[in-house]
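>>> Sequence first, then the predicted structure, then my questions.
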Amino acid sequence: MEALKNVLNRLSSELILGALVAVLSILAAVSGYQGGMADSLQTEHNVNGQKELTNASSEYLTANQMIVYDYQLYDGWYTATTPEQEEYYQSQYSEQLQAAIALNPDDIFTDAYYEEMYATANEQFANADKEFELAGKYNERGDALQLVLMISALAVAFAAWASLLEAGSSVRIIFGLLSMVGLVYTIILYVQVPGVSA
């Protein structure tokens with residue numbers, strides 16, 4: 001029993017407690033910095049996603065208008081009474097409609113036509129999804145680093161309080177042990193922080 005008490009007293013020595021304060025402070029600073037960076041990158045990707053989503057919505061509406069315009073032009077061509085009118089309507093067709101007519105004049109408003117019309121919007125929607133996904137990953141990373149910061153700060157507090165107490169005090173030993181447990185738990189949490197690959 002006396003040997004155990006000697007070991008515990010050594011573990012709560014000024015040197016050990018000072019080392020705990022130093023190591024835990026470094027871990028707190030590193031995780032705080034990395035958490036701030038993750039939050040910043042989350043915001044950046046979220047803003048980029050919003051931009052892409054706005055642009056995609058605009059492109060989608062533009063494509064809708066072009067499709068309606070193509071329908072109107074095609075109807076105008078279909079009901080035209082003179083070759084000049086037909087030529088006028090045909091000259092106004094979108095490139096996508098002209099390509100669809102060249103491919104199959106009997107079936108022009110196909111899925112391929114619509115895919116081509118919405119291609120830019122769909123690409124931007126996909127880019128927005130990627131940006132939002134990255135923002136979510138950075139959010140998870142930031143949250144995990146905040147937990148590391150909190151646990152390391154608590155462990156530093158235990159080490160600091162232990163160093164203020166009288167040597168050999170039971171509370172000093174308990175606080176020193178809690179600080180060591182906090183260090184181990186902080187390291188485990190830090191190792192498990194998810195990385196983000198773009």
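Great, that's in hand. Numbering: from 1, shown residues only.

>>> give me the element the residue nearest to G195 when sequence neighbours are not counted is part of.
Nearest residue to G195 in three dimensions, chain neighbours excluded: R141, at 7.3 Å (C-beta to C-beta, 6 or more residues apart in numbering). C-beta here means a position set from N, CA and C on the backbone, and glycine is covered the same way. Here R141 sits within helix 119-164, counting by DSSP states H and E.

>>> elements contacting that helix?
The contact analysis (3 or more C-beta pairs under 8 Å, 6 or more residues apart in numbering; DSSP states H and E) places helix 119-164 against helix 14-79, helix 170-191.

>>> so which of these comes closest to A126?
Set against A126 and scored by C-beta to C-beta, these come closest in helix 14-79, at 8.6 Å.

>>> which is the next helix or strand following the closest one?
Where DSSP H and E defines the elements, the next helix or strand beyond helix 14-79 is helix 83-92.

>>> List of residues touching that following helix?
With contact meaning C-beta atoms under 8 Å, 6 or more residues apart in numbering, helix 83-92 is reached by Y69, L73, Y74, G76, W77, A80.

>>> In that helix, which residues have enough neighbours to count as buried?
Judged by neighbour count using 16 or more other C-beta atoms under 10 Å, the buried positions of helix 83-92 are Y89, Q90.

>>> Same check on stretch 131-140?
In stretch 131-140, counting by 16+ other C-beta under 10 Å, buried: E131, F132, L134, A135, K137, Y138, N139.

>>> do stretch 38-54 as well
For stretch 38-54, burial by neighbour count (16+ other C-beta under 10 Å) applies to A38, D39, L41, Q42, H45, N46, N48, G49, E52, L53.
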